[in-house]
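Q: fold the following.
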Amino acid sequence: MVEAGARELTVLGQNVNSYGADLAEAGVLPSGGDGPFVDLLAAVARLPGLERLRFTTSNPQSFTRALADLFRSEPKLGRYLHLPVQSGNDRILARMKRKVTVAEYRERIAWLRAAVPDVAISTDLIVGFPGETEAEFEDTLSLVEEVDFSFAYTFKYSPRKNTPAARYEEQLPEAVKEDRLARLNALQDRLTIRHNLAEIGQIRPVLFHYESAKAPGFYYGRTEHFRLVRVAANRDLVGQVLPVHIYQGNKTALLGELT
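A: Residues are numbered from 1 along each chain as shown. Below is the predicted model of the structure:
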């Protein structure tokens, strides 16, 4: 793919950072060192011509300190990670069958920020899971503010056929779920806007992904922090990493100009 012109690769998996764990256990892959997934990323990063390397989705239960440390030593990984947490309350996480506690999630965040102090972190959050109390929902709000996510994918719980949670008796009213989702989104919007406005005046390297189909001459790309940037240009920018001066920002994107 790199030989064909790709400049950024995303390694994809349902729990991508557990790659190779079963093979290492079976003795097919070496079990020493930093682990099969860290070894894989390091090998891919060495490909000549590759500008950036990302991976998703990373499950916190399998996220290791060695993986966090790789962000420090490998600049192609950039300064961004998506790390889903779903809830800020341990009882709800256990009911969701999530194999991580809030304290363990905080530990992973600390590893990342020790490796890359300005790392941008996004997450997934579900509100209104069956039995979630107001206090437990407020634990999620507190964690969101504490971690200071750059952005989040937020959802209200909805039953899915044949899932254990759909059979729980403590289903919450839609009005409660809607209210909690609105409050969560209001908080995350405030954080996202603050992060984006803080970019004004910065010069960031941007990898340009595409030209706008609706507005030719406007190109969109991502910073190392995965923030979307729009730039006007009279030449093709796709596939190039170029320095961009950020002069404006809103909830969804940054506006910049080539330096």
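Q: helix or strand for the residue lying farthest from the centre of the chain, which one?
A: Here the centre of the chain is the reference, and by Cα atoms, centre = their mean the most remote residue is E169, at 32.6 Å. Counting by DSSP states H and E, no helix or strand carries E169.
Q: find the nearest non-adjacent residue to it, please.
A: Nearest residue to E169, sequence neighbours excluded (Cβ to Cβ, 6 or more residues apart in numbering): P130, at 7.7 Å. Quick note: C-beta positions are derived from backbone N, CA and C, even for glycine.
Q: what about the one you found, neighbour count?
A: Neighbour count of P130, defined by other Cβ atoms under 10 Å: 18.
Q: now do the residue sitting nearest the centre point of the chain against N196, distance only.
A: With distances taken as Cα atoms, centre = their mean, the residue of the chain nearest its centroid is H82 (1.7 Å). For H82, the distance to N196 (Cβ to Cβ, to the nearest Å) stands at 17 Å.
Q: can I get the CA coordinates of the helix or strand hosting D69 in PDB?
A: Per DSSP H and E, D69 falls inside helix 65-73. Output of helix 65-73 as PDB, limited to C-alpha atoms (Å, rounded to 0.1, in the frame of the first residue of the first chain):
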ATOM      1  CA  ARG A  65       2.700   0.500  29.200                       C
ATOM      2  CA  ALA A  66       5.000  -0.600  26.400                       C
ATOM      3  CA  LEU A  67       2.400   0.500  23.900                       C
ATOM      4  CA  ALA A  68       2.100   3.900  25.600                       C
ATOM      5  CA  ASP A  69       5.900   4.200  25.500                       C
ATOM      6  CA  LEU A  70       6.000   3.500  21.800                       C
ATOM      7  CA  PHE A  71       4.200   6.800  21.300                       C
ATOM      8  CA  ARG A  72       7.300   8.500  22.800                       C
ATOM      9  CA  SER A  73       9.800   6.700  20.600                       C
END
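Q: all numbers from here: first residue = 18
A: Noted, 18 is the first residue going forward, which turns the last one into helix 82-90.
Q: for it, packing partners?
A: helix 53-62, helix 119-132 (3 or more Cβ pairs under 8 Å, 6 or more residues apart in numbering; DSSP states H and E).
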